[in-house]
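just to be clear, the model below is a prediction. Sequence and coordinates:
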Amino acid sequence: MNTTNLFSELLVVGAGGVAWYTLLFIAIFGPEPILYILAGSSFIFIGISIIFTYFMGVLLDRAYVQLWRKMDEHFRRKEYPCLNNYNIAQALIAEKCKESSNELLNFYRSRIRILRGSMVNFFLIAIFGAWAANDSIGVATFICISALLISSTCFLGFKDLSQKLYKKTSILERELSSS
């Protein structure tokens, strides 16, 4: 996988994590500390923010993988009852397939990571955003409904792409085995 792609994916996941973390912080302590930090922002603050966002992305991605591991295993078992067989198929495809086939599988994996992270992040944004906007029922309702709709859409995309990844891997493996 291209390192730049992975870095970008982890930044996307981390940005969602920073968003819900910030909303949680605002819900607990109010907006004043955040406004104080932003008022004195500088290039150093921006650099630290990017590093923190990436760090959150790495941590949250690992946590979300574990959170959705059972569902991912369920999808994989439909095509590959044994994890070792899936790993062998991946190695075979990486070794013998055209680059375009590998790129397609990497594209699926990339989108799965982003959708998995976004699904959880938007769910938490719905909860903490509604809590942080407790003074305004209209704003809280809008945040909650919008974020839950996005989270649900991400779940459907995650489910669809996960199933396609294993199906496409299985098809490519059969094609390589028969030739």
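Nice, I can see it.

tell me which helix or strand of this protein sits lowest on mean pLDDT?
Lowest by mean pLDDT, DSSP states H and E among the helices and strands of the chain is helix 32-39, with a mean of 78.

so what secondary structure elements neighbour the longest helix along the chain?
Taking DSSP state H as the criterion, the chain has its longest helix at helix 137-178. In terms of contacts (3 or more CB pairs under 8 Å, 6 or more residues apart in numbering; DSSP states H and E), helix 137-178 is packed against helix 69-79, helix 83-96, helix 99-132. All C-beta atoms are positioned from the backbone trio N, CA, C, and that covers glycine.

circling back to that earlier point, which strands and helices sit next to the least confident helix or strand of the chain?
Short answer (3+ CB pairs under 8 Å, 6+ apart): helix 32-39 packs on helix 3-29.

please compute how far the helix it packs on lies from its chain's middle.
Offset of helix 3-29 from its chain centre (CA atoms, centre = their mean, to the nearest Å): 10 Å.

so which bits of that helix are buried?
Of all the residues in helix 3-29, those buried under the rule 16 or more other CB atoms under 10 Å are 6, 9-24, 26-27.

which non-adjacent residue is nearest the residue nearest in space to the middle of the chain?
The centroid of the chain falls nearest to residue 117 when counting by CA atoms, centre = their mean (2.3 Å). The spatial neighbour of residue 117 that comes closest, neighbours along the chain excluded (CB to CB, 6 or more residues apart in numbering), is residue 13 at 3.4 Å.

ok, the one you found - contacts?
56, 57, 60, 61, 64, 113, 114, 117, 118, 121 (CB atoms under 8 Å, 6 or more residues apart in numbering).

for residue 82, see how far away it is.
Plainly put, residue 13 is 29 Å away from residue 82 if you go by CB to CB, to the nearest Å.
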